[in-house]
Every structure is written in structure tokens, then in C-alpha cells.
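>>> return atomic coordinates for the entry below.
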Amino acid sequence: MTVIIFNTSRIGEGYLILFSGLVIVFSALLLLSIFFKYGLPFLLYIYRIIIKGPDKKISDIQIDTDRKFTGEEAAAIAAAVHLYLNEQHDIENPILTIKQAKKSYSPWSSKIYGTHNRVK
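Prediction:
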């Protein structure tokens, strides 16, 4: 009579690894969902208070303009950007030619010479 004994410690280790992996993954998902549900709105609220001030509305904020900035300067910047973006580049030939390389016969790459000796 043959008795088969299974190593139960290996099975227990597998379940322990499975359970700990599942706990880690689902707890990370739970923490991320809590952060996106409550943390981000709170951080955005604090950001708005810092940027706008405690009792300002966005429409009340005036944009500071530079009175010394003239139209000539704007035209010079626009011309420089236009010239930079439309700068002529080398025009290359768009035709792609593929030539097949000549392969010489080599018995090393031939499949007719097998590596197994076949006995009939």
C-alpha cells in the first residue's frame, strides 16, 4: 500500500501570498478612491483660496497689463515666430526604394540537413 503525503506548507504559503496580494491591491484601490472622492476637492478648494483670495470672485480679478508693450514689439515677435516656424528645411526624396539583398547558399542554414540522425 502506497501512502501519498502532500506538503501542506507549500499550499499554505500560496494562499498566504494570494491573500496578502489581494489585500494590498484592494486596499490601494480603496485609498485611491477615497483620495479622489475627498482629497482632490479639498486640495482644489485650498488652491482656489490661495489664488483668488478668501472673498474674491474670478470675474473680479484684473489682469495686469504692461503699458510699455507696444504694437511694434508684438509685430516683431510675431514676425520672428513666423520666420522660425516657416524656416526652409532640406527637401529630401520621398521615394523609398527597397532592394532585396542577395543571399548566398549556406549549408548551415539549410533545413535539409537535419541535426538528428534518423535510423530506418
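>>> for the longest helix along the chain, name the packing helices and strands.
Ranked by number of residues, the top helix in the chain under DSSP state H is helix 8-34. Helices and strands touching helix 8-34, by 3 or more CB pairs under 8 Å, 6 or more residues apart in numbering; DSSP states H and E: there are none. Every C-beta, even on glycine, is put in place using the N, C-alpha and C of the backbone.
>>> next secondary structure element downstream of the lowest-mean-pLDDT helix or strand in the chain?
Least confident helix or strand, the chain: helix 40-52 with a mean of 84, by mean pLDDT, DSSP states H and E. Using DSSP states H and E, the helix or strand that follows helix 40-52 in sequence is helix 71-85.
>>> what about that following helix, average pLDDT?
Mean pLDDT, computed over helix 71-85, is 88.
>>> contacts for that helix, please.
Counting contacts by CB atoms under 8 Å, 6 or more residues apart in numbering, no residue outside helix 71-85 touches it.
>>> pull that helix out as CSV, backbone CA atoms only.
Output of helix 71-85 as CSV, limited to C-alpha atoms (Å, rounded to 0.1, in the frame of the first residue of the first chain):
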residue,chain,number,x,y,z
GLY,A,71,2.2,97.1,-31.2
GLU,A,72,5.7,97.3,-32.8
GLU,A,73,7.1,94.8,-30.3
ALA,A,74,4.2,92.5,-30.8
ALA,A,75,4.7,92.6,-34.6
ALA,A,76,8.4,91.9,-34.2
ILE,A,77,7.7,88.9,-32.0
ALA,A,78,5.0,87.6,-34.4
ALA,A,79,7.4,88.0,-37.4
ALA,A,80,10.2,86.2,-35.6
VAL,A,81,7.9,83.3,-34.7
HIS,A,82,6.5,83.2,-38.2
LEU,A,83,10.0,83.1,-39.7
TYR,A,84,11.1,80.4,-37.3
LEU,A,85,8.1,78.1,-37.9
